[in-house]
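**Q** A structural model of the following input is requested.
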Amino acid sequence: MQFRQQALARLQSPEELDLPVRFARPQGWLVLSVTVVVMAAASVWAVTGSVSSTVDAPAVLTHGEGSYILQSPAAGQVTAVLAKEGERLPADAPVLKVRTADGEAVVRTVAAGRITALAATLGQIISTGANVAAVEKVADADDPLYATVYVPAQHAASVAEGAAVDLTVQTVPSQEYGVLRGHVKSVDRTAQSAQRIAAFLGDSGLGKQFTKDGRPVAVLVRLDPSPSTKSGYRWSSKDGPPYRLTSMTLASGAIRVAAQRPVDWLLP
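**A** All right, here's what the predicted structure looks like:
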C-alpha cells in the first residue's frame with residue numbers, strides 16, 4: 001500500500017527539470033578507470049606475452065652410453081659365475097663358465113661396464129642366445145649421470161635442445177629435497193620400440209613399461225652439476241639429498257617446451 005502511494009505521488013509531482021543530472025558517482029569512475037587499465041594491460045599481454053608449458057614423461061637416470069644385454073654364445077649348464085652385480089669389468093672380461101657338449105665355454109663382456117643384473121645362476125641350463133646379464137657401459141665411477149626422458153611422439157616437435165628440465169627422482173622425497181635440474185642435450189626424433197629401449201637400458205621390463213601407450217621419443221638430459229651438493233648435481237632446494245644418485249633410478253621429467261602466445265589461442 002505504501003509503495004502505491006509513493007508511485008501516485010511521483011506521477012502527480014511536476015518534473016524536476018531544475019535539478020542537475022548526475023551521470024556517475026566518483027566510485028563509479030574509479031571502477032571504470034580500473035576496468036579500462038586492466039583491459040588495456042590484458043590486450044598488450046595477449047599480443048606481446050607468452051605462456052610456457054611443460055611436457056611430462058617417464059624418465060630413468062643412466063650413464064650416457066646406456067647398457068647392453070649379454071647373451072650366451074652356447075647352450076649348456078652354468079658351472080661358474082665369475083662376476084657379481086655392481087662389479088665394474090673391462091671389455092672381454094669373463095662373466096660365466098658354461099659346460100657344453102663340445103667342452104667349456106666362457107661368456108665374456110662385450111664392452112667395459114658395470115654388471116647391473118645377473119640372470120644366470122650356478123647349475124642353470126641355458127640355451128644359445130639366452131640373456132645372462134645386463135651391463136651398463138661405464139668405465140669410471142665418476143662418469144656423469146644423464147637422464148633419458150621418454151616423451152610421447154606427438155610432443156617431440158616442441159622439445160628443443162637446451163630446454164630446462166625438472167626431474168622428480170623416485171628415490172628422493174621431493175617435498176623435502178625438491179627436484180633435480182637439467183637441460184636437454186639431444187633429442188632422438190626416431191620413435192623407440194620396446195626392443196630398442198630394452199637394448200639401451202638392459203631391461204626388457206622398462207622397454208614394455210615405456211611403450212605401453214605407444215612408441216615414445218628418447219630425450220637425453222644433461223644434469224646440471226653442482227660441487228656444493230652431496231649428489232654432485234643441482235636441485236631446486238639448496239643442498240638436495242644427502243647421498244649420491246645411482247644409475248637405473250626411475251624418475252619423472254617435466255620439460256619446458258617452446259612458449260606460445262596467448263593471442264594464437266583466440267585467432268581462428
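
**Q** use CA for all of it now, contacts and neighbours both
**A** Fine.

**Q** helices along the stretch 51-200 of the chain, start to end?
**A** Here the stretch 51-200 of the chain has its helices, by DSSP state H, counting those that start in this stretch, at 174-177, 194-201.

**Q** now, of these, which is deepest in the fold?
**A** Counting by mean count of other CA atoms under 10 Å, helix 194-201 has the highest mean neighbour count of the helices of the stretch 51-200 of the chain, with a mean of 20.

**Q** other residues contacting stretch 107-126?
**A** 70-73, 75-81, 83-98, 131-139 (CA atoms under 8 Å, 6 or more residues apart in numbering).

**Q** so where do the strands sit in the stretch 1-150 of the chain?
**A** Using DSSP state E, counting those that start in this stretch, the strands of the stretch 1-150 of the chain run over 54-63, 67-71, 76-81, 88-89, 94-100, 103-108, 113-118, 125-126, 131-136, 145-152.

**Q** let's have these in CSV, adding mean neighbour count.
**A** As requested, these are exported to CSV (neighbours: other CA atoms under 10 Å):
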stretch, mean neighbour count
strand 54-63, 21
strand 67-71, 22
strand 76-81, 20
strand 88-89, 21
strand 94-100, 20
strand 103-108, 17
strand 113-118, 22
strand 125-126, 17
strand 131-136, 24
strand 145-152, 26
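
**Q** and residue 108, how far from residue 61?
**A** Using CA to CA, to the nearest Å, residue 108 is found at 26 Å from residue 61.

**Q** coming back round to it: to residue 255, which of the strands of the stretch 1-150 of the chain lies closest?
**A** Ranking these by proximity to residue 255 (CA to CA) places strand 54-63 first, at 5.1 Å.

**Q** show me what the closest one is packed up against.
**A** strand 145-152, strand 249-256 (3 or more CA pairs under 8 Å, 6 or more residues apart in numbering; DSSP states H and E).

**Q** other residues contacting that strand?
**A** Contacts to strand 54-63, defined as CA under 8 Å, 6+ apart, come from residues 136-138, 143-152, 155, 201, 210, 246-257.

**Q** residues contacting the closest residue to residue 219 other than its chain neighbours?
**A** Counting by CA to CA, 6 or more residues apart in numbering, residue 219 lies nearest to residue 187, which is 4.6 Å off, once chain neighbours are set aside. Neighbouring residues of residue 187 by CA under 8 Å, 6+ apart: 159-161, 217-220.

**Q** I'd like the distance between the closest residue in space to residue 170 that isn't next to it in sequence and residue 167.
**A** Spatial nearest neighbour of residue 170, excluding adjacent residues (CA to CA, 6+ apart): residue 251 at 5.2 Å. Going from residue 251 to residue 167 by CA to CA gives 6 Å.

**Q** so which of these two has more stuff around it?
**A** residue 167 (29 against 21; other CA atoms under 10 Å).

**Q** surely that one meets residue 254?
**A** Yes: proximity of residue 167 to residue 254 meets the contact threshold set by CA atoms under 8 Å, at 6.4 Å.

**Q** now the strands of the stretch 1-150 of the chain in a markdown table, with mean pLDDT?
**A** Formatted as a markdown table, the strands of the stretch 1-150 of the chain follow (pLDDT from 0 to 100):
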| stretch | mean pLDDT |
| --- | --- |
| strand 54-63 | 90 |
| strand 67-71 | 86 |
| strand 76-81 | 94 |
| strand 88-89 | 88 |
| strand 94-100 | 94 |
| strand 103-108 | 93 |
| strand 113-118 | 86 |
| strand 125-126 | 94 |
| strand 131-136 | 88 |
| strand 145-152 | 94 |
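
**Q** as JSON lines, these with distance to residue 35 would be great.
**A** Written out in JSON lines, the entries for the strands of the stretch 1-150 of the chain read as follows (distance: least, CA to CA, whole Å):
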{"stretch": "strand 54-63", "distance to residue 35": "32"}
{"stretch": "strand 67-71", "distance to residue 35": "60"}
{"stretch": "strand 76-81", "distance to residue 35": "77"}
{"stretch": "strand 88-89", "distance to residue 35": "68"}
{"stretch": "strand 94-100", "distance to residue 35": "75"}
{"stretch": "strand 103-108", "distance to residue 35": "75"}
{"stretch": "strand 113-118", "distance to residue 35": "63"}
{"stretch": "strand 125-126", "distance to residue 35": "77"}
{"stretch": "strand 131-136", "distance to residue 35": "62"}
{"stretch": "strand 145-152", "distance to residue 35": "42"}
